[in-house]
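1. Here is a sequence together with a model predicted from it:
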Amino acid sequence: MENKTTQKLKGQVALVTGASSGIGAGVAKALAAEGAKVVVNYASSLKGAQHTVDEIKAAGGEAIAIKADVSNEAEVLSMFKEMYDTFGTIDILVNNAGLQKDAKFVDMTLDEWNTVLGINLTGQFLCAREAAKEFIRRGVVPERSKAAGKIICMSSVHEIIPWAGHVNYAASKGGVMLLMKSIAQELAQYKIRVNSIAPGAIKTPINNEAWETPEAEKKLLKLIPYNRVGETSDIGAAAVWLASDESDYVHGITLIVDGGMTLYPGFQDNG
């Protein structure tokens, strides 16, 4: 851990949903390394969440794990209560929980549609709503942050890029984009900053078949002009910046972290 006097998020409380693995775990560890007390939310993997907590504590940070299905309003309310009972308040929400249930459009079941929209979009609505209530209640505390609170929505390059075979996922991320912009417009008056991160291809368990072999990675790299697959630390660094006062005038934007995937690399050689 770096010297606490230089930590960008010292004394702040962060909730990272879906932080038992992958991008969520990477973001939780990055925020903790900058001094935030972190709530590691998980839906099913206590072992994974505890591993994230243990890594944070081993590095000198502070964290707890709280179970909640973010698509369930009662569980979200219970999670926020437990967080307030432990840490008193919240300064940073990272709406990261998400999943895929892929199918061809004509074969997709209503349950596959509803499950993905419930976690990926409704979950972000519920958590952002509760965080915003606390930010408005508490207001700006200058020694904590210039903002009353920060909400970071985890989107995807698929808020821009259509994705056949994944229409529920793409629709959820398109929804996240306008959810973020609309609440950013509404909450700015309270000094609450709201932004999104849109990762491209990141090495996580959800997509390991896309990069785990040299052949698969070579194929994936055709979509990435920068010629490397992203790491969870790339997203962690972006989240730290958006949560810190360094980005205090950044509001209502999607920060795309994708090595150039959204540059339509198929047109690199004149299409």
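-> Done, it's in. Numbering: from 1, shown residues only.

2. how long is stretch 103-111 end to end?
-> 12 Å (CA to CA, to the nearest Å).

3. wait, doesn't residue 96 sit right on residue 21?
-> No - counting by CB atoms under 8 Å, residue 96 does not reach residue 21; the two are 10.7 Å apart. Bear in mind the C-beta positions are built from the backbone N, C-alpha and C, glycine included.

4. between those two, which one's more packed in?
-> residue 96 (28 against 19; other CB atoms under 10 Å).

5. Quick one: residues contacting that one.
-> Residues near residue 96 by CB atoms under 8 Å, 6 or more residues apart in numbering: 16, 17, 18, 19, 23, 24, 27, 154.

6. Same question for residue 61.
-> Counting by CB under 8 Å, 6+ apart, residue 61 has contacts 1, 29, 32, 33, 35, 36, 37, 38.

7. pretty sure residue 231 is touching residue 200, no?
-> No - distance between residue 231 and residue 200: 11.6 Å, which falls outside the contact criterion (CB under 8 Å).

8. When those two are compared, which one has more neighbours?
-> residue 200 (23 against 14).

9. what's the neighbour count on residue 253?
-> Per other CB under 10 Å, the neighbour tally for residue 253 reads 15.

10. ok, and the closest non-adjacent residue to residue 176?
-> Nearest residue to residue 176, sequence neighbours excluded (CB to CB, 6 or more residues apart in numbering): residue 155, at 4.7 Å.

11. Phi, psi for that neighbour please.
-> phi -100, psi -140 (degrees, to the nearest 10).

12. likewise the one 4 residues further on?
-> Residue 159 adopts backbone torsions of phi -80, psi -10, taken as degrees, to the nearest 10.

13. Same check on residue 38?
-> When read as degrees, to the nearest 10, the backbone of residue 38 gives phi -120, psi 130.

14. circling back to that earlier point, which among the contacts of residue 61 count as buried?
-> With burial judged by 16 or more other CB atoms under 10 Å, the buried subset of these is 29, 32, 33, 35, 36, 37, 38.

15. Against residue 198, how distant is the residue nearest to residue 176?
-> According to CB to CB, to the nearest Å, residue 155 and residue 198 sit 4 Å apart.

16. Common neighbours of those two, please.
-> With CB under 8 Å, 6+ apart, residue 155 and residue 198 have common neighbours 173, 254.

17. higher neighbour count, the two?
-> Between residue 155 and residue 198, counted using other CB under 10 Å, residue 155 has the larger neighbour count: 28 against 25.

18. is it true that that one touches residue 253?
-> No - checked against CB under 8 Å, the pair residue 155 and residue 253 is beyond contact range at 10.9 Å.

19. Mutual contacts of the two, please.
-> Contacts common to residue 155 and residue 253, judged by CB under 8 Å, 6+ apart, are residue 196.

20. now, which of the buried ones among the contacts of residue 61 sits nearest residue 247?
-> residue 36 (15.0 Å; CB to CB).

21. ok, the closest one - contacts?
-> 9, 10, 12, 13, 14, 61, 91, 92, 243.

22. if you set the cut-off to 6 Å instead, what comes out?
-> 9, 12, 14 (CB atoms under 6 Å, 6 or more residues apart in numbering).

23. pLDDT score assigned to it?
-> Predicted confidence (pLDDT) for residue 36: 98.

24. looking only at pLDDT, what's the mean for the helix or strand hosting residue 197?
-> Element membership for residue 197 (DSSP states H and E) is strand 192-199. Mean pLDDT, computed over strand 192-199, is 98.
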